[in-house]
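Asks: Give me a 3D structure for the following:
(chains A and B)
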Amino acid sequence: MGGISEKLGNMGVVTTTLEQAVNWGRTRAMWPMLFGLACCAIEMMSTQAPRYDASRFGMELMRASPRQSDLMIVAGRVTRKMAPVLRHLYDQMPDPKWVLAMGDCCSCGGVFNNYAIVQGVDEIVPVDVYVAGCPPRPEQLIHGFLTLHEKVKEMRWSDWATK
Amino acid sequence: MTLEKFANWEGTVDELKGLVSERALTGETMMLNMGPQHPSTHGVLRVLLELEGEEVVNCIPDIGYLHTGIEKNMEYKTYEKSIVMTDRMDYLNPMGNNLVYCLAMEKLFELDVPPRAQIARVILTELTRINSHLVWLGIGGLDLGVTSTMTYCFREREILLDIFELVSGQRMMSTYFRPGGLWRDLPDEFEAAVRHVLDTFPAKFDDYENIFVGHPVFIDRTQGIGFISAEDAIAYGLTGPMLRASGINWDIRKAEPYSSYDQFEFDVPTGQHGDVYDRYMVRFEEMRQSLRIIEQGLNMLPDGPFRSDNRKYVPPPRSELGRSMEAVIHHFKLWTEGFRPPKGEVYVSTESPRGELGCYLVSDGSPNPWRVHFRTPTFTNLSALAKLSKGYMIADVVAIIGSIDIVLGDVDR
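Replies: Sure thing, here's the model as predicted:
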């Protein structure tokens, strides 16, 4: 920063780093996977619906195929029967990929501390953002999106290879 | 076990012997996996389809991907604390689930519910029915290619969720009904909010019906698809709109009225053909009838107490806690230890948006229920999927699953 960028700024030119440009691009069109499990999936749909309108954040295009998605929103409780399927879906997503655990059940088991439910989806996939609530309001999910965007913007060149 | 192997492509078709036809074993027909992650299975249903070209020869639903152990978990909570589990069962009908569990408890405890609470329960349950049908309509529209209805239906649904939030503080998982009445009194703004719904919704239902009925693609994809006769519907134990679309006039609200439904006037819509189209039309009409019930309920909503004053089961009101030490102790005991109901077992059934929702409750006299079992409608309705989809095209399976209106939380619990 300093002399040259100030001068170029006056000429209507923006200088940035490749990291920042790529990360900015990734946050503007992040495609979530169309994948709902339980109650939270209904609130996830409300987030897409007119009142909350997730397309304001570039998050409206839900892809039914994991091969086209960047973000897996785990919306609902993950059962032991579903866990291998979920991992399978995660493995099918192309890099870079992120996981958002929506709601208490998939964050930590929630009210269902029993034989059937995986006590936190982070046992099977790496989670980037946890959203609390049972189910979280759409505002909370949008806050989760924005938190994820902040995280993506902080990513370094060296993180790209591992992400 | 065989089905699990099939999911990972380790098993052979031989192991599915008995579930599929002989022709699948020779490779004459093709096995196709659908779900559990599929946009049209309304959750995590998995269906194994046996196909001959595009025609469905057989279809095997594989459920259990959302088995939550709710019934078992309820045995470890006191009666009042286990109400929260029922919300999460059929998550499109939380108030209805609260209602059936509370009715079962009230029948077991012989607890009276004041009239204000009974009418309020009816109003809120009917609002929940509209809420559930709106989600079904929006998602069903997506399945059939009528994508715009999803945005419309969810727009209207937000208005209903605002009412639930107004009364209970939560949008979806309200846990508003308690044994003996309601958690708290209806707020003053409640009536105006519901009147707004009554004023605005009929025109919107007409709009939706026009979008669907006036659409040739919708007609082609639903009429004559997924037929089930009245005899078969009874034999499969179908209930709710599935049964009524086949021409049987059976509604628990009329047949065995509960929670003051006998004071209301409403019609039970039925279909004639028992196909996907009739199921759509029955649900459209049910939403209008629900509005009728809500209007009558608002007009007859009496003043008075909103919860029973039987102190064995109902904690003292908050106003007493500041004045009476005994009330504090009583409140503390009820919330930590719970109450001890008489021994016995009861069964109560209600009409959920999807059919007969029953609750079987066994008490051994301890503060926790000994056994809670729910007879959920979609579990039974889903059993007819193979019967409904045999002989139709693979794209029709999507329409048929949509018309069953499954909620996997309700199927698997």
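
Asks: For the helix or strand that contains B:G409, which helices and strands make contact with it?
Replies: In this assignment (DSSP states H and E), B:G409 forms part of helix B:408-412. Counting contacts by 3 or more C-beta pairs under 8 Å, 6 or more residues apart in numbering or on different chains; DSSP states H and E, helix B:408-412 is packed against helix B:377-382. C-betas here are computed from N, CA, C, even on glycine.

Asks: How about the contacts made by whatever residue of the stretch 101-250 of chain B ends up closest to chain A?
Replies: As assessed by C-beta to the nearest C-beta, chain A sits closest to B:F154 within the stretch 101-250 of chain B, at 3.3 Å. By C-beta atoms under 8 Å, 6 or more residues apart in numbering or on different chains, B:F154 lies in contact with A:45-46, A:48-51, B:134-135, B:138.

Asks: With adjacent residues omitted, what lies nearest to it?
Replies: Nearest residue to B:F154 in three dimensions, chain neighbours excluded: A:A49, at 3.3 Å (C-beta to C-beta, 6 or more residues apart in numbering or on different chains).

Asks: filter the contacts of B:F154 to the buried ones?
Replies: Among these, those classed as buried by 16 or more other C-beta atoms under 10 Å in any protein chain shown are A:45-46, A:48-49, B:134-135, B:138.

Asks: Any regions of the chain where pLDDT drops low?
Replies: This is for chain A. Chain A contains residues with pLDDT under 70 at A:1-10, A:160-163.

Asks: my bad, chain B
Replies: Across chain B (using pLDDT under 70), the flagged ranges come out as B:1-18.

Asks: Run through the residues of it sitting next to chain A.
Replies: Chain B comes close to chain A at residues B:7-8, B:36-39, B:43-44, B:64-70, B:72-73, B:84-85, B:88, B:91-92, B:135, B:138-139, B:150-151, B:154-155, B:157-158, B:161, B:171-173, B:408-409, B:412, as judged by C-beta under 8 Å from any C-beta of the partner chain.

Asks: how about the one helix or strand B:A327 maps to: buried residues?
Replies: In this structure, B:A327 sits in helix B:325-336 according to DSSP H and E. Buried residues in helix B:325-336, counted by 16+ other C-beta under 10 Å: B:327, B:330-331, B:334.

Asks: burial of residue 30, as a residue count?
Replies: All of this is about chain A. Neighbourhood size, A:M30 [other C-beta atoms under 10 Å in any protein chain shown]: 20.

Asks: you looked at the wrong chain, it should be chain B
Replies: For B:M30, the count of nearby residues is 13 (other C-beta under 10 Å).

Asks: Checking the residue nearest to it when sequence neighbours are not counted next. Helix, strand or coil?
Replies: Spatial nearest neighbour of B:M30, excluding adjacent residues (C-beta to C-beta, 6+ apart): B:L51 at 4.9 Å. Recorded secondary structure, B:L51: strand (DSSP: H, G, I helix; E, B strand; the rest coil).

Asks: residues from chain A in reach of chain B?
Replies: Checking chain A against chain B by C-beta under 8 Å from any C-beta, the hits are A:34-39, A:41-43, A:45-46, A:48-51, A:64, A:66, A:76-77, A:79, A:81-82, A:84-85, A:89, A:111-117, A:134-135, A:137.

Asks: Out of the residues you listed, which end up buried?
Replies: A:34-39, A:41-43, A:45-46, A:48-49, A:66, A:76-77, A:79, A:81-82, A:85, A:89, A:111-112, A:116-117, A:134-135, A:137.

Asks: In helices, which of the residues you listed fall?
Replies: A:39, A:41-43, A:45-46, A:48, A:85, A:89 (DSSP state H).

Asks: just curious, which of the residues you listed is nearest to chain B?
Replies: Using C-beta to the nearest C-beta, A:C39 comes nearest to chain B of these, at 3.8 Å.

Asks: what's the burial count for the nearest residue to that closest one once chain neighbours are set aside?
Replies: Distances taken as C-beta to C-beta, 6+ apart place B:Y91 nearest to A:C39, at 3.8 Å, with adjacent residues excluded. Counted with other C-beta under 10 Å, the neighbours of B:Y91 add up to 25.

Asks: my guess is B:Y91 is in a helix, correct?
Replies: No - B:Y91: not assigned to a helix; according to three-state DSSP it is coil.

Asks: How about the contacts made by the closest residue to chain B within chain A?
Replies: Nearest residue of chain A to chain B (C-beta to the nearest C-beta) works out as A:A49 at 3.3 Å. A:A49 is in contact with B:150-151, B:154-155, B:157-158, counting by C-beta under 8 Å, 6+ apart.

Asks: now the residues of chain B next to chain A: which count as buried?
Replies: B:7, B:36-39, B:43-44, B:64-70, B:72-73, B:84-85, B:88, B:91-92, B:135, B:138-139, B:150, B:154, B:157-158, B:161, B:171-173, B:408-409, B:412.

Asks: quick check: domain ranges of chain B?
Replies: For chain B, the structural domains run B:2-62, B:115-309, going by automatic domain parsing.

Asks: Single out the most deeply packed of those domains.
Replies: Ranked by mean neighbour count under mean count of other C-beta atoms under 10 Å in any protein chain shown, these are led by domain B:115-309, which reaches a mean of 19.

Asks: A:A64 and B:P39 touch, don't they?
Replies: Yes - proximity of A:A64 to B:P39 meets the contact threshold set by C-beta atoms under 8 Å, at 4.5 Å.

Asks: Common neighbours of those two, please.
Replies: Overlap of the contact sets of A:A64 and B:P39 (by C-beta under 8 Å, 6+ apart) consists of A:L34.

Asks: what's near enough to touch residue 42?
Replies: I went with chain A, as the question did not name one. Counting by C-beta under 8 Å, 6+ apart, A:I42 has contacts A:36, A:135, B:91-92, B:135, B:172.

Asks: Chain B, not that one
Replies: B:139, B:401-402, B:405-408.
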